[in-house]
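Novice: Here is my input; please provide its structure:
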Amino acid sequence: MSKPVTEYNQINSNKNNKKWIIIDDKLYDVSEFYKEHPGGPTVLLTHIGKDASDVFHAMHPESAYEILANYYIGDLNDNTLTIHPKSEAFANDIRQLRDQLEQQGYFEASKLFYLYKMVSTLGLCFVSMIILYLYGRQSSLAIVISAFLLGVFWQQCGWLSHDFGHHQVFTQRVWNDMVLIFLGNFCQGFALSWWKNKHNTHHASTNISGHDPDIDTAPILLWDEYASANYYEALGGKQEKGSGGMINRFFAENVLPHQTRYFFFVLGFARASWALQSLLHIFRLGAINKSTSLRIYETVCLILHWGLFILVTIQWIDSLRNRILFFVLSQSISGYMLAIVFALNHNGMPVISQEQAESLAFFEIQVITGRDVKMGCLGDWFMGGLNYQIEHHVFPTLPRHRLADIQPKVEAISRKHGIQYHTTTFMQGSLEVLKALDIAQKMSRNLIKKSM
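Specialist: Sure thing, here's the model as predicted:
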């Protein structure tokens, strides 16, 4: 029997004991389920006591409704959530657009397109290995070319993994995940479980301070005034002691105030950093759904990835210098090509406080925090469709090859409701990213002076 909840403050009063979310004016108790959530536990924790209807519909299949029903506890008869009327009107139009796109078959992926992407992407790895096998013992130039192609392969493999990770290709999610583990764990060296937990949280709470892991990059980079203020407040002025405090103090005084100078340099370390995080995640925390078999599958694929990479490097390259050259180039090229695209997606766009997010509908947050980059066909290939970042965030399960088609529709609805919709060039977007870093670094200098 339904248990009506008539006051929203009843949710808030129970937040410390119970973890409730709202979907379609119904309450669900996820106090235990969040730990076993297939998309990762963090994403649910960012929506406790909130209306998660739109994010739920955007990122879940029909089968998820059956699971959700197990955690139903009552109807919300008096929903006092304070979404701004303009934001809600915009959300209604986006929901109608989604219904239209579903009816017109936009969410059905072209298997021919993804066959082409699989063959062409794996072909980059094949050509790289052939060059290394034939000329790796004779020519440093061949090693450079092979490393470059391998780096591009890992980047393109990342975009393809991203498509399967969002279940854009197959209607059966298990097949998407199987291909994702092959492309992500085995080919690329990133664990599915690590990526899903991090990336799903990013989609659910895009550019929301304290929730989005993609903008939580301190002490290497600070992106906004919230991150700067929180970091220096946590630093505690001169009161923090111990080796950890000394390291943080060093970064605060000598590194972060100059982050625009080293930004492009650190991008090259992105792949190595993510690979290490990925390994630690799967060994320490296991699979995202707590499945032992999935954990074993992921672990074996990761071990095979690095085992084969080391074996190939040792067997097909004759000198230690060239082995190091191949390792550094392949890793840094891939890291740079991945990270520069990620930076253009949201960095330098508005960062929203958790309080501000309470009055904004999910879809408005996705639009105002995203940046579309118009680059032509070559740009679409290089950025893996993520240059249509706004459209991807509004409809995460929409196949990549459909994003360009719906871009004018999403932009038109945004303009209609006065919602900020930002498009730019690759160069201008990069300058916007640097400007955001510059603002944060100037704030860092001021905060350091105040704590001196």
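
Novice: Where do the domain boundaries of this protein fall?
Specialist: As assigned by automatic domain parsing, the chain contains the domains 9-81, 120-162+173-201+218-346.

Novice: Mean neighbour count, these: which tops it?
Specialist: Mean neighbours per residue, mean count of other CB atoms under 10 Å, is largest over those for domain 120-162+173-201+218-346, with a mean of 18. Glycine gets a C-beta too; all of them are placed from N, C-alpha and C.

Novice: how long is it end to end?
Specialist: Criterion CA to CA, to the nearest Å; first-to-last residue distance in domain 120-162+173-201+218-346 is 28 Å.

Novice: average pLDDT for it?
Specialist: Throughout domain 120-162+173-201+218-346, pLDDT has a mean value of 90.

Novice: cool, stretch 367-387 as well?
Specialist: Averaging pLDDT along stretch 367-387 yields 94.

Novice: which residues of the stretch 51-200 of the chain fall in helices?
Specialist: 53-59, 63-69, 85-103, 111-135, 140-165, 173-180, 192-204 (DSSP state H, counting those that start in this stretch).

Novice: Which one of those lies nearest to Ser430?
Specialist: Shortest distance between Ser430 and the helices of the stretch 51-200 of the chain, using CB to CB, is found for helix 140-165: 17.0 Å.

Novice: So which other helices or strands are in contact with the closest one?
Specialist: Judged by 3 or more CB pairs under 8 Å, 6 or more residues apart in numbering; DSSP states H and E, the packing partners of helix 140-165 are helix 111-135, helix 173-180, helix 192-204, helix 320-346.

Novice: Tell me the gap between it and the middle of its chain.
Specialist: 19 Å (CA atoms, centre = their mean, to the nearest Å).

Novice: out of the helices and strands packed on helix 140-165, nearest to Asp51?
Specialist: Judged by CB to CB, the one of those that comes nearest to Asp51 is helix 192-204, at 12.3 Å.

Novice: Report all helices and strands that that closest one contacts.
Specialist: The contact analysis (3+ CB pairs under 8 Å, 6+ apart) places helix 192-204 against helix 41-45, helix 53-59, helix 140-165, helix 270-284, helix 292-316.

Novice: Within the helices and strands, which one has Glu233?
Specialist: helix 225-235 (DSSP states H and E).

Novice: Present the helices of the stretch 51-200 of the chain as TSV; the columns should include distance to Ile215.
Specialist: Converted to TSV, those look like this (distance: least, CB to CB, whole Å):
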stretch	distance to Ile215
helix 53-59	18
helix 63-69	27
helix 85-103	21
helix 111-135	29
helix 140-165	18
helix 173-180	24
helix 192-204	9
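
Novice: who wins for proximity to Tyr28 among these?
Specialist: helix 63-69 (6.2 Å).

Novice: So what's the model's average confidence on that closest one?
Specialist: Per-region confidence: helix 63-69 scores 83 on mean pLDDT.

Novice: List of residues touching that helix?
Specialist: Outside of helix 63-69, the residues that reach it under the criterion CB atoms under 8 Å, 6 or more residues apart in numbering are Ile23, Tyr28, Phe56, Arg173.

Novice: Most widely separated two among the residues you listed?
Specialist: Every pair of the contacts of helix 63-69 checked by CB to CB; the farthest is Tyr28 and Arg173, at 20.6 Å.

Novice: so where's the stretch 351-452 of the chain shaky on pLDDT?
Specialist: Counting by pLDDT under 70, the stretch 351-452 of the chain shows low-confidence ranges at 450-452.

Novice: now do 90
Specialist: For the stretch 351-452 of the chain, the stretches with pLDDT under 90 are 354-355, 358-359, 375-378, 443-452.

Novice: and if you look at the stretch 1-150 of the chain?
Specialist: For the stretch 1-150 of the chain, applying pLDDT under 90 flags the ranges 1-27, 30-53, 56-87.
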